[in-house]
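Undergrad: Below is the structure, and that's it, no one-letter string:
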């Protein structure tokens, strides 16, 4: 089925190995990250980042995340398919983009008490990578079934983790907080405008390298983040 889809859309760019295509929530509402910057309590109300915000994010993370190559997939009798090699990031995943964009917007005093997130792996590694760079504490709240390889990667990057039952972990996602870390800054893995804008820089790079792309195929898991795909390109989410 995937081969048929590729043949239908012609020239393709595929973000590899993972990125997420966003769903709109409350259009025009201030993001919880904007409220954190202003020193007010965060709220789950979100809006999608604008193209200008994604472009600003690209400037912020320049030098912090790898501008990964877009390479053509050489397969006999295949259409023009290109792979965006996000597995070449320092943590092997694109989450380093969003975490970096989020932290670069905050004053050192705001970060001095440390940061935390709720993640089964990749966002925790992205946040830990930047926390180590900034010399601040970092903790990941992880579900009890998180893979040991992910947990080892988190600690290898200098962070620690709190393992909790899945329902409690999911409640952190919904509440944007965990009572054990009330003095720290919570970086939502997918529900922050700054994180989404940072991840959306993948799309800008695709369009810079392949401006005549007909479509972007975006593999996704259980939650969503954006890949910027301005016209005439189309973005498709594939689970």
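TA: Perfect, I can see it now. Here the structure is a predicted model, which is why all the values come from computation and not from measurement. Residues are numbered from 1 along each chain as shown.

Undergrad: Going by C-alpha atoms from here, please, whenever you check contacts or count neighbours.
TA: Fine.

Undergrad: Without its sequence neighbours, what residue ends up closest to residue 168?
TA: Of all residues not flanking residue 168 in the chain, residue 143 sits nearest, at 8.0 Å (C-alpha to C-alpha, 6 or more residues apart in numbering).

Undergrad: Hmm, residue 169 and the one you found touching each other?
TA: Yes. Residue 143 is in contact with residue 169 according to C-alpha atoms under 8 Å; the separation is 5.6 Å.

Undergrad: which residues in this protein form strands?
TA: 12-16, 70-72, 81-85, 115-118, 138-143, 160-164, 185-186, 215-219, 234-238 (DSSP state E).

Undergrad: and the angle for the fifth one with strand 160-164?
TA: Angle, strand 138-143 to strand 160-164, by axes from the mean of the first three to the mean of the last three C-alpha atoms, to 10 degrees: 20 degrees.

Undergrad: how far out from the middle of the chain is strand 138-143?
TA: 16 Å (C-alpha atoms, centre = their mean, to the nearest Å).

Undergrad: mind listing what's buried in it?
TA: Going by neighbour count (16 or more other C-alpha atoms under 10 Å), the buried part of strand 138-143 is 138-143.

Undergrad: Export those to JSON lines and append columns for distance to residue 206 and pLDDT.
TA: Putting the buried residues of strand 138-143 into JSON lines (distance: C-alpha to C-alpha, whole Å; pLDDT from 0 to 100) gives the following:
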{"residue": "138", "distance to residue 206": "31", "pLDDT": "98"}
{"residue": "139", "distance to residue 206": "32", "pLDDT": "98"}
{"residue": "140", "distance to residue 206": "30", "pLDDT": "98"}
{"residue": "141", "distance to residue 206": "32", "pLDDT": "98"}
{"residue": "142", "distance to residue 206": "32", "pLDDT": "97"}
{"residue": "143", "distance to residue 206": "33", "pLDDT": "96"}
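
Undergrad: Distance to residue 113 added to these, as CSV?
TA: Below are these laid out as CSV (distance: C-alpha to C-alpha, whole Å):
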residue, distance to residue 113
138, 9
139, 11
140, 15
141, 16
142, 20
143, 23
